[in-house]
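*Asks:* A structural model of the following input is requested.
(2 chains)
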Protein chains: 2
Amino acid sequence: MECGQEEQAPVVEPEVKNRQILFRDFLTGYPKESNMVLSAGTIRLKLPSCEQGSDSKAILVKNLYLSCDPFMRHMMTPEGGGYATPYTPGSPIVGYGVAKVIDSRHPDFKKGDLVWGITGWEEYSLISEPTLLFKITDTDVPLSYYVGLLGMPGLTAYAGFYEVCSPKKGEYVFVSAASGAVGQLVGQFAKLMGCYVVGTAGSNEKVHLLKNKFGFDDAFNYKEEPDLNMALKRCFPEGIDIYFDNVGGPMLDAVILNMRSHGRIGLCGLISQYNREKPEGIYNLMPFLVKCVRMEGFRVPHYYHMYPQFLELALKYIREKKLIYVEDTVEGLESAPAALIGLFAGRNVGKQVVVVARE
Amino acid sequence: MECGQEEQAPVVEPEVKNRQILFRDFLTGYPKESNMVLSAGTIRLKLPSCEQGSDSKAILVKNLYLSCDPFMRHMMTPEGGGYATPYTPGSPIVGYGVAKVIDSRHPDFKKGDLVWGITGWEEYSLISEPTLLFKITDTDVPLSYYVGLLGMPGLTAYAGFYEVCSPKKGEYVFVSAASGAVGQLVGQFAKLMGCYVVGTAGSNEKVHLLKNKFGFDDAFNYKEEPDLNMALKRCFPEGIDIYFDNVGGPMLDAVILNMRSHGRIGLCGLISQYNREKPEGIYNLMPFLVKCVRMEGFRVPHYYHMYPQFLELALKYIREKKLIYVEDTVEGLESAPAALIGLFAGRNVGKQVVVVARE
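*Replies:* From the prediction side, this is the model:
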């Protein structure tokens, strides 16, 4: 039976405009705004009736907040960087977002529900398999937090710090990209645990934020340090127990020189390398061995089972004002490409969020 | 009171010859035989009486077997490679050995005891602090095993494989320098656990040994492989769960490309790098992250508390003929420098031992 034939008089929902950010084509080097294009599509705000009675568990959502995350750079390469399905040239950018359910055939979601998870860079998205969506039940916090502190970056910081880095009270903790979506949380978790925490970031404004807003014990602007090894020795005369690494490259190599015996490196991201055709090398394997360092790569999907316990803790900390969060917000879907590009130049101060609509 | 004055008529033991291998001076690049020199010293085969009544816990030993180990290269640099006290130019080479106690002021050792641990490259050694000596109680196995299978390399293989690499039955295990003192044991431990084991070594003779004597499932001569990545893909079409690394360098980098998700790398040694002025880089950090690999450096002194349980297991396996051990033996203290140099050219087949005396 063909679509539209199963009902006598199907009510056809009128089409509305649905602006989209389409991915142009795979690229090398730094992404540019011109790698994405704003397109004026249309959509019907009701799931197609032809799928009634089928196995469809599709939902239709209105996107409210979209997230700019470093991993999205990998999806702009044909192999997806080994992370995820690469983008489809000509189709919308895919990423994390907060959205409101408009229509649903899925038993777990109903019209009006708020959700966070994987969606498209467009005003409305038809999500045929909403397996990567979480329902939002706590709304006494800013909704946008669900693409940051209370979403994937939050769980990344939580699992990466507590599970991968095995922290102990009083240890020396170093965080790179420390004012970013993940780094600012790692630093605060470490402080809450009683660690000594130093962060690095790429501007004096961010360094100020680390020391005066997030409560880091110390911080430095890596762009103003002629010798990273010396900067680390100055900040950590006793050495580093834990390095939460978001950047890789020469900073990682310099950190290894400064690790303490049985130190741990949680490898969360390598943003300094994502736009290079050939990666920079790590040379300090001998100190790594001698100091019995442990380095572990990790990916947040392996920790989604911990989301409920993480959410409970994070909400408690937010309500007690023990955890603060800084976002860098731009307005309008059309601002999204520039915001995403800005990540790789370090233009954002705090978690980069795009507001598509507020409700 | 000066030495020799505390007794009325001290019996002076006659001096005997005590040939020694002296360390000349710190070096860069590959060590050469000329970095060591055979010297004709003398010694009295009794602890000096002047130390009677003092706090001395010295012992005097006759060295039987001496061990050539890769870590000794580090002690030929002024910093000791971060491993241990550097050698003293003009003094004997220090390393692991099996020895017999000739005289003792230490309550734990008595004349006639057999010991293994840190001693000097000389016929007789006066050891003022025998804290790094273990008493040998099981003598139904070759005594030389206590510088190999039943000594530091054995414990290294045991702790590194079982503790650091967290192996599970059926996993894919790769071992470099696989016919060496440590590698041959790691491969056999892995087989005994039910893993699939592939080794690499630097000659066809060693590859033959791996496959036909040590029971590795497969092996290859890395010197005959134009592309290490391809060689690993051929041997491990399903990828590698555990890499027990004795060599570092380009092999480590190629292995990372072939690791399975949540694979583990035990970093035991980096012999391919020890004689380089600048280390080679590791570039595959992105696959490391994506596959959530864990890499950990380890050093055997942190596992000496496990020696009794290791010894019990190893002796059981030896007696049941489940564990075999291949040694490369040279005769005479004067042969020691060439034997040590040979390690870095891969000339030894199996554990390199120097026989100074058999009893």
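*Asks:* Closest residue of the stretch 51-200 of chain A to chain B?
*Replies:* In the stretch 51-200 of chain A, the residue that lies nearest chain B is residue A:82 (3.8 Å; CB to the nearest CB). Every residue, glycine included, has its C-beta placed from N, CA and C.
*Asks:* what number of residues lie near that residue?
*Replies:* By the measure other CB atoms under 10 Å in any protein chain shown, the count of residues near residue A:82 is 13.
*Asks:* Now the residue in the stretch 251-359 of chain A positioned nearest to chain B: closest residue in space, sequence neighbours ignored.
*Replies:* In the stretch 251-359 of chain A, the residue that lies nearest chain B is residue A:281 (2.2 Å; CB to the nearest CB). Spatial nearest neighbour of residue A:281, chain neighbours left out: residue B:281 (2.2 Å); criterion: CB to CB, 6 or more residues apart in numbering or on different chains.
*Asks:* pretty sure the one you found is touching residue A:279, no?
*Replies:* No. Using CB atoms under 8 Å, residue B:281 makes no contact with residue A:279, being 9.1 Å away.
*Asks:* hmm, back to that, ramachandran angles for the residue nearest to residue A:281?
*Replies:* phi -90, psi 160 (degrees, to the nearest 10).
*Asks:* Contacts only, for it.
*Replies:* By CB atoms under 8 Å, 6 or more residues apart in numbering or on different chains, the residues touching residue B:281 are A:280, A:281, A:282, A:283, B:253.
*Asks:* I'd like these as TSV, with distance to residue A:294 and secondary structure appended.
*Replies:* Below are those laid out as TSV (distance: CB to CB, whole Å; DSSP: H, G, I helix; E, B strand; the rest coil):
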residue	distance to residue A:294	secondary structure
A:280	22	coil
A:281	20	coil
A:282	15	strand
A:283	19	coil
B:253	19	helix
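*Asks:* out of those residues, which one sits closest to residue B:305?
*Replies:* Of all the contacts of residue B:281, residue A:282 has the smallest distance to residue B:305: 31.6 Å, by CB to CB.
*Asks:* Might one say that the closest one is in contact with residue A:251?
*Replies:* No. Residue A:282 is beyond contact range of residue A:251, at 10.5 Å (criterion: CB under 8 Å).
*Asks:* Quick check: residue A:303 vs residue A:316, distance?
*Replies:* 19 Å (CB to CB, to the nearest Å).
*Asks:* what about the two, which has more around it?
*Replies:* Just comparing residue A:303 and residue A:316: by other CB under 10 Å the higher neighbour count belongs to residue A:303, 18 against 11.
*Asks:* check contacts around the closest residue to the more buried one other than its chain neighbours.
*Replies:* In space, and not counting its chain neighbours, residue A:303 is closest to residue A:159: 3.7 Å by CB to CB, 6+ apart. By CB under 8 Å, 6+ apart, residue A:159 lies in contact with A:298, A:300, A:302, A:303, A:306, A:310.
*Asks:* possible to save those as JSON lines with secondary structure and pLDDT?
*Replies:* As requested, the contacts of residue A:159 are exported to JSON lines (DSSP: H, G, I helix; E, B strand; the rest coil; pLDDT from 0 to 100):
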{"residue": "A:298", "secondary structure": "coil", "pLDDT": "97"}
{"residue": "A:300", "secondary structure": "helix", "pLDDT": "94"}
{"residue": "A:302", "secondary structure": "helix", "pLDDT": "95"}
{"residue": "A:303", "secondary structure": "helix", "pLDDT": "97"}
{"residue": "A:306", "secondary structure": "helix", "pLDDT": "97"}
{"residue": "A:310", "secondary structure": "helix", "pLDDT": "97"}
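*Asks:* which residues of the stretch 251-359 of chain A fall in strands?
*Replies:* Taking DSSP state E, counting those that start in this stretch as the criterion, the stretch 251-359 of chain A contains strands spanning A:259-267, A:294-297, A:327-331, A:351-355.
*Asks:* okay, residue A:10: pLDDT?
*Replies:* With respect to pLDDT, residue A:10 scores 60.
*Asks:* same check, this time on residue A:336
*Replies:* 97.
*Asks:* which ones are touching it?
*Replies:* Here residue A:336 is in contact with A:21, A:36, A:66, A:68, A:93, A:121, A:330, A:354 (CB under 8 Å, 6+ apart).
*Asks:* Can you add distance to residue B:341 and neighbour count and give these back as TSV?
*Replies:* Output for the contacts of residue A:336, formatted as TSV (distance: CB to CB, whole Å; neighbours: other CB atoms under 10 Å in any protein chain shown):
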residue	distance to residue B:341	neighbour count
A:21	64	22
A:36	60	23
A:66	63	30
A:68	57	27
A:93	60	22
A:121	63	29
A:330	64	18
A:354	64	28
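*Asks:* In the stretch 101-250 of chain A, what residue comes closest to chain B?
*Replies:* For the stretch 101-250 of chain A and chain B, the shortest gap (CB to the nearest CB) falls at residue A:248, measuring 5.5 Å.
*Asks:* Name the nearest residue to that residue, ignoring sequence neighbours.
*Replies:* Among residues not flanking residue A:248 along the chain, residue A:270 sits closest, at 3.2 Å (CB to CB, 6+ apart).
*Asks:* Next: residue A:15.
*Replies:* Closest residue to residue A:15 apart from its sequence neighbours, by CB to CB, 6+ apart: residue A:42 at 4.2 Å.
*Asks:* low-scoring pLDDT stretches of chain A, where are they?
*Replies:* Residues of chain A meeting the criterion pLDDT under 70: A:1-11, A:50-54.
*Asks:* biggest strand in it by residues?
*Replies:* strand A:94-104 (DSSP state E).
*Asks:* what angle separates it from strand A:351-355?
*Replies:* 40 degrees (axes from the mean of the first three to the mean of the last three CA atoms, to 10 degrees).
*Asks:* can you put the contacts of residue A:336 in JSON lines and add distance to residue B:186?
*Replies:* Shown next, in JSON lines, are the contacts of residue A:336 (distance: CB to CB, whole Å):
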{"residue": "A:21", "distance to residue B:186": "52"}
{"residue": "A:36", "distance to residue B:186": "50"}
{"residue": "A:66", "distance to residue B:186": "49"}
{"residue": "A:68", "distance to residue B:186": "45"}
{"residue": "A:93", "distance to residue B:186": "47"}
{"residue": "A:121", "distance to residue B:186": "50"}
{"residue": "A:330", "distance to residue B:186": "54"}
{"residue": "A:354", "distance to residue B:186": "51"}
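*Asks:* just the strands in the stretch 1-150 of chain A please.
*Replies:* Under DSSP E, counting those that start in this stretch, the stretch 1-150 of chain A gives strands at A:15-23, A:36-44, A:59-67, A:94-104, A:114-120, A:124-127, A:133-135.
*Asks:* Deepest in the core, which of these is it.
*Replies:* Mean neighbours per residue, mean count of other CB atoms under 10 Å in any protein chain shown, is largest over the strands of the stretch 1-150 of chain A for strand A:59-67, with a mean of 25.
*Asks:* tell me what it is packed against?
*Replies:* Helices and strands touching strand A:59-67, by 3 or more CB pairs under 8 Å, 6 or more residues apart in numbering or on different chains; DSSP states H and E, are strand A:94-104, strand A:114-120, strand A:124-127, strand A:351-355.
*Asks:* What strands flank the shortest one, and is each parallel or antiparallel?
*Replies:* Each strand pairing with strand A:124-127, determined using DSSP bridges, is listed with its direction: strand A:59-67 (antiparallel).
*Asks:* and the gap between the spatially closest residue to residue A:144 that is not a sequence neighbour and residue A:351?
*Replies:* Among residues not flanking residue A:144 along the chain, residue A:65 sits closest, at 4.5 Å (CB to CB, 6+ apart). The gap separating residue A:65 from residue A:351 is 11 Å, by CB to CB.
*Asks:* any common contacting residues for the two?
*Replies:* residue A:147.
*Asks:* possible to save the strands of the stretch 1-150 of chain A as a markdown table with distance to residue A:203?
*Replies:* Listed next are the strands of the stretch 1-150 of chain A as a markdown table, based on distance: least, CB to CB, whole Å:
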| stretch | distance to residue A:203 |
| --- | --- |
| strand A:15-23 | 27 |
| strand A:36-44 | 25 |
| strand A:59-67 | 21 |
| strand A:94-104 | 25 |
| strand A:114-120 | 29 |
| strand A:124-127 | 34 |
| strand A:133-135 | 33 |
